[in-house]
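Peer 1: Predicted model and sequence below, questions to follow.
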2 protein chains.
Amino acid sequence: MHRGIATVSLSGVLADKLDAIADAGFDGIEIFDNDLIASPLSPAEVARRCAELGLTIDLFQPVRDIEGVDPRRFPDVLHRVRRKLEVMNELGATTFLACSNALPTAIDDPDLSAEQLHAVGELAAAHGVTFAYEALAWGRHVNRVGQAWELVQRAGHPAVTLAVDTFHMLARGDDGRALTGVPGERIGFLQVADAPVLEMNVLEWSRHFRCFPGQGMLDVSGVVAAVLDAGYDGPLSLEIFSDVVREADPHVTARDAMRSLLFLEDRLGARLTGPAREKVTVAPPVPARTDAAFVELADPDRADYPALLTGLGFHIAGRHRSKPVVWWRNGGANVVLNEEPAPGPAATALGLVAPDVTAVAERAANLLWPAVDRTRGEGEAGLPGITSPSGLHVFVSAEPGDADHWQNDFVPGDVADTPGWLGLDHVDVTVAADDLNQELSFFRTLFGLRPEDPEEYIQPQGRLRIRALRAEKGDLRVALNVSETGTIPQRRGVTQLAFATADVVDAVRLARSRGVEFLRPPANYYADLDARFALDPELFTVLQSNGLLYDRNDDGGEFLHAYTLPVQGGFQVELLERRGGYTGYGAPNAHVRLAAARAGSAVA
Amino acid sequence: MHRGIATVSLSGVLADKLDAIADAGFDGIEIFDNDLIASPLSPAEVARRCAELGLTIDLFQPVRDIEGVDPRRFPDVLHRVRRKLEVMNELGATTFLACSNALPTAIDDPDLSAEQLHAVGELAAAHGVTFAYEALAWGRHVNRVGQAWELVQRAGHPAVTLAVDTFHMLARGDDGRALTGVPGERIGFLQVADAPVLEMNVLEWSRHFRCFPGQGMLDVSGVVAAVLDAGYDGPLSLEIFSDVVREADPHVTARDAMRSLLFLEDRLGARLTGPAREKVTVAPPVPARTDAAFVELADPDRADYPALLTGLGFHIAGRHRSKPVVWWRNGGANVVLNEEPAPGPAATALGLVAPDVTAVAERAANLLWPAVDRTRGEGEAGLPGITSPSGLHVFVSAEPGDADHWQNDFVPGDVADTPGWLGLDHVDVTVAADDLNQELSFFRTLFGLRPEDPEEYIQPQGRLRIRALRAEKGDLRVALNVSETGTIPQRRGVTQLAFATADVVDAVRLARSRGVEFLRPPANYYADLDARFALDPELFTVLQSNGLLYDRNDDGGEFLHAYTLPVQGGFQVELLERRGGYTGYGAPNAHVRLAAARAGSAVA
């Protein structure tokens, strides 16, 4: 595919944007007119710079509100178009785009609009270029792609083509089927953008919340597949704008953008039916299943975690063959303590069982996710690591029994396995607000994790937003947290490790007896539980006397859990027990945990 | 009035919130149940603490979704209510509120709902308290106040009353007339909240964007006047929640909240017709007109501004009678240079002519806006100063000829007045995003300035949001800017001084000839101007050769303007000329100015 991006998708001034776009390996650009207007580079200089950088200028968007115009005002429109076509010829661009009229004064007269589109087409042809007409989702009268196609046909001019924009189509509820019958050669341009599903004014939605394919929830690939299957042969061009990218480094944005196009092509591989399939780059598939394997704790001073792990009932299960790394185990729960030099104690990495290991590593490379730089000792497992945008290391292991299973790197200890916890239930990773889309995209594009609905909680200072993801197949769950607390600095990275147990009452009692400190919910919390659930008195006593939190769903599934006080390295350990098919995370208790965590040891 | 606020309106934990609320002088509180549940204080301890602080507990909101419930599930509701009433008795609260059922499973059967409300009323009465029922704007079946009132009547129980919430009513398009015929003694509670007008999902709007009366755009006082005129005799209680207050210091929020209630009462003075008028505190009115008088520049090193002012054509018009302050003048434009110790050069204060001076000062004190601490020399003008939330000092002068006119403080210089500029056109004040509501509220509540629609521009790094305010009568205009640029630090305070001239071409030429440097728009900008406006060639040449920006409105009004490079102290000077009734600020040129400002002297 010819991969492009609009200059409006990046921050900076035009010259910076061109550099960032070229660095990320794009083939072409769309020039946003305001970028050119504000630039000291003349159109000819821009053209030269693009040629030097190996970028084609695929599109120019210099005019708006050019049809449905009062005929007395239409000469002004033609004047504008003519002047802009001169600029375009200097740029060497060959297609220009204009959207449907969004002014309150737009006239609802398809014949008039078609006639005006024809006149614009005449001017375009006279300047040797093509015009693409797009249905803006908030166009006054024309806001569906079908209406735009109707006008393009009615205009009846070879230089007048249809522009398709995935956001505008999907925002209005259309999908690829809306393009049925549109010949590919009549589609003059294809713009792609994704967005989260939000119930809000569509213009504001578009202006502030667009995102790259794979970061949002729209079926972008469905529309693109329809366009390509129709025979469209032009660029696949990203047009994104959002509050996030406006503030981000343009080089970072350009790389994210390229990654999103590669992911889009990967998805298209499965959806394209015609010859277009040959044109897209397809990466190895997501792993068949993804299970949590271990958590790695950095412990550079060999001091911070052994007591905690012992208190929690872990024992040493093995030592790494070549590195100062110790494997601790509690039943199905595994932690590796890495004593190599590090900035300080922290939970730094997540190990997953996600076969095939080689395919995952290759998929990561194809999607431009960076590999962890790591030496591999002789005879050790191939355990590729990938760094997430927030800096989390994710190591990928083969299944037990395979030479590339992570446990092969360890010399087993003498202690026999004892029954213990069930395993790692989920991990909370706290990221900056502006990094959420990227982190989401990492787990989604690389492992095929499915994002759940966003949740939001009040904390004593600010808000906590949580976006959980879980594997379609396999037990991996990751909860991405964004803690918005104004000027109060927030810990980033892994902020919670949640372990599943078969008997959390027993697990918490044991850990407490060994000196592990847990948050203790206040008495008012238990009074509220009793009001909400009319608890069995015995259960009530067990919960309160052990300081457990509780939730129950409508089907009677139950969730019992407890949190340690924050430990060195800034995370908490959660112990939990799921009964009867409870699949959530105890959301109604979040505010109690957050308030108790603020009060800290004062209430413990 | 008995003034109250909900604990959910503040950040922090319950104990902090009570302190902040009491410090701000409130009479009572609403307890948000989650605050109590997460608190280590028992209900009896909370009651004692409130009594110590002189706060009554006016309301408790412990249950939701209590009507329209499947009769098989209703015993669970009664269980919840009963338990919560026990807590309430411990708290000593006398009214509890529940909203209309918002669950998808809510049953649309007014008879059933009325019967269930009646049953809740029975329980309330048995515990010696009153129940207030509120139509939630996103209630499943009941979401208008008229529906709630209908159900309250149908419930036919003396302990079941109507709760009125200004946000929920106004969000659904109701106003005070929706309460016609509701007797005041049947209104059990009145909650007040304002909000900006946003076209979005009402639940999200409510949850993230509520604000204090005077900060939003809803007609809060209209609803409150209707409630009070109906004979309601209970508390006026603020229930606000927003992303901003969740992150703010609770003491600051509580003070803002109290100020907003005082402002609301002030507005009510003009709207109440019945005996309730006696109950509200009314401040002196806003000034009859508000005109810009001068800008004060801090110049502690006596070095930064004289050359600039001379270059711009100002001359010394006088010296202060008792302080190291020099008055500079260019026609109707006045600047005072203050050489007293200061942290550095900056534009620090704005002088306004806003009679009556004493009334404005008293109004500021009534609304809790802080006075500037300032000594007044013998025979000098009474020139009260008020500090805005962002730290801007605003001095209030009487009209020319009055002893309290600011120029009386200066001994006139020898230089005769010469014709010059027209005056100060507007001032841009840049504030932090979270301070915008407060700064808006300052100019609105104290001087009665009218906010215009928010505008938003892309800048090379991030977004610039502008909210302009102008006097209803008088020439004062202030544009509040919020510059959102991620991690790049932004200059705060006065960032632009715009002066109106009768001939901006001449003014800019003269200033350039005296060494003042101006931003110079690129050639592409002029090509675009010509495309958009088909400019007269002579005008085109004048604009481009002098580096002027240009805009024209649909009525032919024209705007010509130019910006200096940023000067010491971090602001720019704009020179402008308005022709033929142009009232805006040259919005279409903002992106060019912002890009040129970033490029800085490189393009000048």
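Peer 2: Sure thing, it's come through.
Peer 1: Only C-alpha atoms from now on, for both contacts and neighbour counts.
Peer 2: Will do.
Peer 1: Flag the shaky bits of the stretch 301-450 of chain A, pLDDT-wise.
Peer 2: Of all residues in the stretch 301-450 of chain A, none has pLDDT under 70.
Peer 1: 90 instead?
Peer 2: Applying pLDDT under 90 to the stretch 301-450 of chain A flags residues A:302-303, A:373-382, A:413-419, A:433-435, A:437.
Peer 1: Quick check, the residue in it closest to chain B?
Peer 2: Residue of the stretch 301-450 of chain A nearest chain B, by C-alpha to the nearest C-alpha: residue A:434 (8.8 Å).
Peer 1: Check the burial of residue A:302 by counting its neighbours.
Peer 2: 14 (other C-alpha atoms under 10 Å in any protein chain shown).
Peer 1: can you name the farthest residue from the center of chain A?
Peer 2: Using C-alpha atoms, centre = their mean, the residue of chain A lying farthest from its centre is residue A:72. It sits 48.4 Å away.
Peer 1: Relative to residue A:108, how far out is that one?
Peer 2: Residue A:72 sits 16 Å away from residue A:108, going by C-alpha to C-alpha, to the nearest Å.
Peer 1: likewise residue A:258?
Peer 2: In this view, residue A:258 and residue A:108 are 39 Å apart by C-alpha to C-alpha.
Peer 1: So those two - more neighbours on which side?
Peer 2: Counted by other C-alpha under 10 Å, residue A:258 and residue A:108 do not tie: residue A:258 has more neighbours, with 22 against 15.
Peer 1: who does whichever strand or helix holds the more buried one touch, helix- and strand-wise?
Peer 2: Using DSSP states H and E, residue A:258 sits in helix A:250-271. Here helix A:250-271 touches helix A:14-23, helix A:220-229, going by 3 or more C-alpha pairs under 8 Å, 6 or more residues apart in numbering or on different chains; DSSP states H and E.
Peer 1: sec struct for the nearest residue to residue A:430 once chain neighbours are set aside, please.
Peer 2: Distances taken as C-alpha to C-alpha, 6 or more residues apart in numbering or on different chains place residue A:481 nearest to residue A:430, at 4.4 Å, with adjacent residues excluded. At residue A:481, secondary structure determined by DSSP: H, G, I helix; E, B strand; the rest coil is strand.
Peer 1: Dig out what residue A:481 forms beta bridges with.
Peer 2: Counting by DSSP bridges, residue A:481 forms beta bridges with residue A:430, residue A:466.
Peer 1: Hmm, it is touching residue A:457, no?
Peer 2: No. When contacts are counted by C-alpha atoms under 8 Å, residue A:481 is not listed as touching residue A:457 (10.6 Å).
Peer 1: what do these two both touch?
Peer 2: A:464-465 (C-alpha atoms under 8 Å, 6 or more residues apart in numbering or on different chains).
Peer 1: Between the two, which is the more surrounded one?
Peer 2: Neighbours were counted for residue A:481 and for residue A:457 using other C-alpha under 10 Å; residue A:481 has more, 25 against 17.
Peer 1: Before we move on, what's the pLDDT of the more buried one?
Peer 2: At residue A:481, the model reports a pLDDT of 95.
Peer 1: And it, how close does it get to residue A:460?
Peer 2: Counting by C-alpha to C-alpha, the gap from residue A:481 to residue A:460 is 16 Å.
Peer 1: Check the gap between residue A:137 and chain B for me.
Peer 2: 16 Å (C-alpha to the nearest C-alpha, to the nearest Å).
Peer 1: ugh, wrong one, I meant residue A:500
Peer 2: Remark: distance between residue A:500 and chain B (C-alpha to the nearest C-alpha) = 25 Å.
Peer 1: Distance of that residue relative to residue A:296?
Peer 2: Distance, residue A:500 to residue A:296, by C-alpha to C-alpha: 17 Å.
Peer 1: circling back: as CSV, the helices and strands packed on helix A:250-271 with distance to chain B would be great.
Peer 2: Shown next, in CSV, are those (distance: least, C-alpha to the nearest C-alpha, whole Å):
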stretch, distance to chain B
helix A:14-23, 9
helix A:220-229, 24
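Peer 1: Please identify the deepest-packed of the ones you listed.
Peer 2: Across these, averaging neighbours per residue (mean count of other C-alpha atoms under 10 Å in any protein chain shown) puts helix A:220-229 on top, at a mean of 24.
Peer 1: Redo the helices and strands packed on helix A:250-271 as JSON lines? Include mean pLDDT.
Peer 2: Listed next are those as JSON lines, based on pLDDT from 0 to 100:
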{"stretch": "helix A:14-23", "mean pLDDT": "97"}
{"stretch": "helix A:220-229", "mean pLDDT": "95"}
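Peer 1: With distance to residue B:347 added, can I get those helices in TSV?
Peer 2: Output for the helices and strands packed on helix A:250-271, formatted as TSV (distance: least, C-alpha to C-alpha, whole Å):
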stretch	distance to residue B:347
helix A:14-23	32
helix A:220-229	50
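Peer 1: which residues in the stretch 501-604 of chain A form helices?
Peer 2: With helices called from DSSP state H, counting those that start in this stretch, the stretch 501-604 of chain A shows them at A:504-513, A:523-533, A:537-546, A:590-599.
Peer 1: got the residues of the stretch 201-350 of chain A near chain B?
Peer 2: Applying C-alpha under 8 Å from any C-alpha of the partner chain, one finds that the stretch 201-350 of chain A approaches chain B through A:201, A:243, A:246-248.
Peer 1: Quick one: the strands in the stretch 401-550 of chain A, in order.
Peer 2: Using DSSP state E, counting those that start in this stretch, the strands of the stretch 401-550 of chain A run over residues A:410-412, A:423-430, A:450-451, A:455-458, A:463-470, A:477-484, A:493-500, A:549-552.
Peer 1: give the contact list for residue A:323.
Peer 2: residue A:340.
Peer 1: for residue A:590, same thing?
Peer 2: Counting by C-alpha under 8 Å, 6+ apart, residue A:590 touches residue A:457.
Peer 1: For it, give its distance to chain B.
Peer 2: The spacing between residue A:590 and chain B, counted by C-alpha to the nearest C-alpha, is 10 Å.
Peer 1: Spell out which residues of the stretch 401-550 of chain A are next to chain B.
Peer 2: Selection of the stretch 401-550 of chain A residues close to chain B by C-alpha under 8 Å from any C-alpha yields A:458-463, A:484-486, A:521-525, A:527-528, A:531-532, A:534.
Peer 1: Out of those residues, which end up buried?
Peer 2: Among those, those buried by neighbour count (16 or more other C-alpha atoms under 10 Å in any protein chain shown) are A:458-463, A:484-486, A:521-525, A:527-528, A:531-532.
Peer 1: Check the gap between the residue nearest to the spatial centre of chain A and residue A:215 for me.
Peer 2: Per C-alpha atoms, centre = their mean, the C-alpha nearest to the average position across chain A is that of residue A:441, at 2.7 Å. Distance of residue A:441 to residue A:215, given as C-alpha to C-alpha: 5 Å.
Peer 1: could you show me where the helices are in the stretch 301-450 of chain A, in order?
Peer 2: A:306-311, A:357-366, A:436-447.
Peer 1: Fine, thanks again, bye for now.
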